[in-house]
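K.L.:
My questions are about this predicted structure, shown below with the sequence.
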2 protein chains.
Amino acid sequence: MSSPADLARLADLLGDPTRAVMLQALLAGEALTAGELARAAGIGAPAASAHLAKLAEGGLVVVHPQGRHRYHRLASEEVAAAIETLGGLAAATAPQRRWPHGEAFRTARLCYDHLAGRLAVALHGALVGRGWIQPAAGGWTATTAGEAGLAAMGVDLKAARTARRFACDCMDWSERRPHLAGGLAREIASCCLRRHWLTRATAECAGDPLARRRLALTPEGGRALHAALGLAA
Amino acid sequence: MSSPADLARLADLLGDPTRAVMLQALLAGEALTAGELARAAGIGAPAASAHLAKLAEGGLVVVHPQGRHRYHRLASEEVAAAIETLGGLAAATAPQRRWPHGEAFRTARLCYDHLAGRLAVALHGALVGRGWIQPAAGGWTATTAGEAGLAAMGVDLKAARTARRFACDCMDWSERRPHLAGGLAREIASCCLRRHWLTRATAECAGDPLARRRLALTPEGGRALHAALGLAA
DNA sequence: CCGCCGCTTCGGCGGCGGGCGAAGCACGCT
DNA sequence: AGCGTGCTTCGCCCGCCGCCGAAGCGGCGG
């Protein structure tokens, strides 16, 4: 239960511009090394190390040492969801600024381990509209038609079921409508990337820390999603 | 669209312990004067004024001058929802501490203009279970049975329909299940307070800034809710 | 008209926190 | 073993921010 002090401690972690950049970079879902995050944030290694220690101690980030590298991930999808939510409010509160590639960012992006943006919202609608998923307690389940269709697309349903939640709604702040989260959404995103229907915009992000999250629909991806789900390009 | 800088600016506003106390006090939904907020936060008038100016400039709080008083409210229910969400993550992240009356806080509290806590979750379940509300695009609508039942309880449905959203789900962080938000939820809360089914724990909050939000079910309230909705005490 | 009261602005103080460079540690490669 | 590399720790500086006391402003009441 959150006393105001707890809230403040957590918000303070998000309230530093440098840490915010790091967290946005981590919202792409990948585990990044301290050095990568330092470069993304444009600071030196010592400062990055201090920030990451705070984030880890605050429970927002988990560390995964591997050889002489230390990989950092967001601690949970709840953390990712809270950051996205707060980002949405920030966008609503300070709507003035537009930065380069903002439009592309709205179109398709990663949110921790699943898709977000216009494409993800459209996909959510298509899955519901075609009857591939149906409401269930606290989320969605796949129908038999959905299982067949998703398997045909190349989605690993077995892997999707290992997640804590199979599928549930997650509010998309840029579209103000829900997209899909949970194990199924993770596998769909994984499938789209594996089959090169969606590609990461750039690998390294000098100057634009959100580049890691941005996705682009390939021509074949557009064709595949149209064929499978009737999605318009 | 939220650049990391926007996110950081917003989170920084929530990240100050003093401001967090003020915002928690405002989460009770009432408009409070600068002096009341200063006392709640345990600081002097100048400091409070500075904080409130920042919150207002950041779009989290709106000011409502009235005579020589200046009343402050949360700017929107989106702001309230974001603070609640972040508070839930804070509770999950730092679960160790228990402060006095925390249990009562989980039982029933105000969240901006509607009810939250165990009671609100139970109420949500009862409304759905009795078929008084049914799913609709982006939320819930009242059935004819629901209209009759709610009117019999004393809920002003006409007022409820003036809100931007009639009824929608809002995740309750302490219960991890949804409760009801929107115009209907606002009128239900208003009705419960008006009829003294629920009472505010204390008016002024020396030491415990969350006191404003805490609610207690009166004996008559327990009887009334049991009779109308079958809610157990 | 004067005085009280709520609130804001100003000036100054103190502490916290983020940044860097240098040094230290740990791991891996050759 | 020796070296390079990734990361952390240490020490330090600087700037920012929150707090207060004093003063200024405006509304309200006698």
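P.N.:
It's in. Numbering: from 1, shown residues only, chains lettered A, B, ... in the order given.

K.L.:
What separation is there between the residue nearest to the spatial centre of chain A and A:A120?
P.N.:
In chain A, the C-alpha nearest the mean C-alpha coordinate belongs to A:C111, at 1.0 Å (CA atoms, centre = their mean). According to CB to CB, to the nearest Å, A:C111 stands 8 Å off from A:A120. For the C-beta atoms, the positions are set from N, CA and C on the backbone; glycine is no exception.

K.L.:
Same question for A:G146.
P.N.:
From A:G146 over to A:A120 the distance is 17 Å, taken as CB to CB.

K.L.:
give me the number of residues near A:A227?
P.N.:
10 (other CB atoms under 10 Å in any protein chain shown).

K.L.:
Check which helices and strands the helix or strand in which it is found sits against.
P.N.:
Using DSSP states H and E, A:A227 sits in helix A:219-229. The helices and strands touching helix A:219-229, judged by 3 or more CB pairs under 8 Å, 6 or more residues apart in numbering or on different chains; DSSP states H and E, are helix A:118-129, helix A:144-153.

K.L.:
For B:G59, find the nearest of those helices.
P.N.:
Nearest to B:G59, of all the helices and strands packed on helix A:219-229, is helix A:118-129, at 25.2 Å by CB to CB.

K.L.:
Buried residues, the closest one. List them.
P.N.:
A:118-124, A:127-128 (16 or more other CB atoms under 10 Å in any protein chain shown).

K.L.:
Point out the other helices and strands that it packs with.
P.N.:
Packed against helix A:118-129, as judged by 3+ CB pairs under 8 Å, 6+ apart, are the following elements: helix A:102-107, strand A:168-172, strand A:177-181, helix A:219-229.

K.L.:
most tightly surrounded among these?
P.N.:
For these, average neighbour numbers computed from mean count of other CB atoms under 10 Å in any protein chain shown are highest in strand A:177-181, which has a mean of 22.

K.L.:
which secondary structure elements does that one contact?
P.N.:
Helices and strands touching strand A:177-181, by 3+ CB pairs under 8 Å, 6+ apart, are strand A:114-116, helix A:118-129, strand A:168-172.

K.L.:
Looking at these, which is nearest to DNA strand D?
P.N.:
DNA strand D sits nearest to strand A:114-116 of all the helices and strands packed on strand A:177-181, at 26.2 Å, using CB to the nearest atom of the strand.

K.L.:
what's the least confident helix or strand in chain A, going by average pLDDT?
P.N.:
Sorting the helices and strands of chain A by mean pLDDT, DSSP states H and E puts helix A:102-107 at the bottom, at a mean of 81.

K.L.:
Give me every residue in chain A lying close to DNA strand C.
P.N.:
Within chain A, the positions near DNA strand C by CB under 7 Å from any atom of the strand are A:16-18, A:43-47, A:50-51, A:54, A:67-68.

K.L.:
Pull out the buried members of those residues.
P.N.:
Buried among the residues of chain A next to DNA strand C by 16+ other CB under 10 Å: A:16-18, A:43, A:51.

K.L.:
Could you dump these into CSV with secondary structure and distance to A:A92 added?
P.N.:
Converted to CSV, these look like this (DSSP: H, G, I helix; E, B strand; the rest coil; distance: CB to CB, whole Å):
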residue, secondary structure, distance to A:A92
A:D16, coil, 21
A:P17, helix, 19
A:T18, helix, 24
A:I43, coil, 29
A:H51, helix, 27
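
K.L.:
May I see those arranged in TSV, with pLDDT as well?
P.N.:
Shown next, in TSV, are those (pLDDT from 0 to 100):
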residue	pLDDT
A:D16	97
A:P17	97
A:T18	97
A:I43	95
A:H51	98
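
K.L.:
Between these, which sits nearest A:F166?
P.N.:
Among these, A:H51 lies closest to A:F166 (CB to CB), at 34.7 Å.

K.L.:
correct me, but that closest one touches A:P17?
P.N.:
No - between A:H51 and A:P17 there is no contact under CB atoms under 8 Å: 10.7 Å.

K.L.:
Extract the C-alpha set from the helix holding A:A227 and format it as CSV.
P.N.:
C-alpha atoms of helix A:219-229 as CSV (Å, rounded to 0.1, in the frame of the first residue of the first chain):
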residue,chain,number,x,y,z
PRO,A,219,6.0,-4.5,-47.6
GLU,A,220,5.8,-8.3,-47.1
GLY,A,221,4.5,-7.6,-43.5
GLY,A,222,1.7,-5.5,-44.9
ARG,A,223,0.8,-8.2,-47.3
ALA,A,224,1.0,-10.9,-44.7
LEU,A,225,-1.2,-9.0,-42.2
HIS,A,226,-3.7,-8.1,-44.8
ALA,A,227,-4.0,-11.7,-45.9
ALA,A,228,-4.2,-13.1,-42.5
LEU,A,229,-6.3,-10.5,-40.7
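
K.L.:
if we can go back for a sec, out of the helices and strands packed on strand A:177-181, the one nearest B:T85 is which?
P.N.:
strand A:168-172 (10.0 Å).
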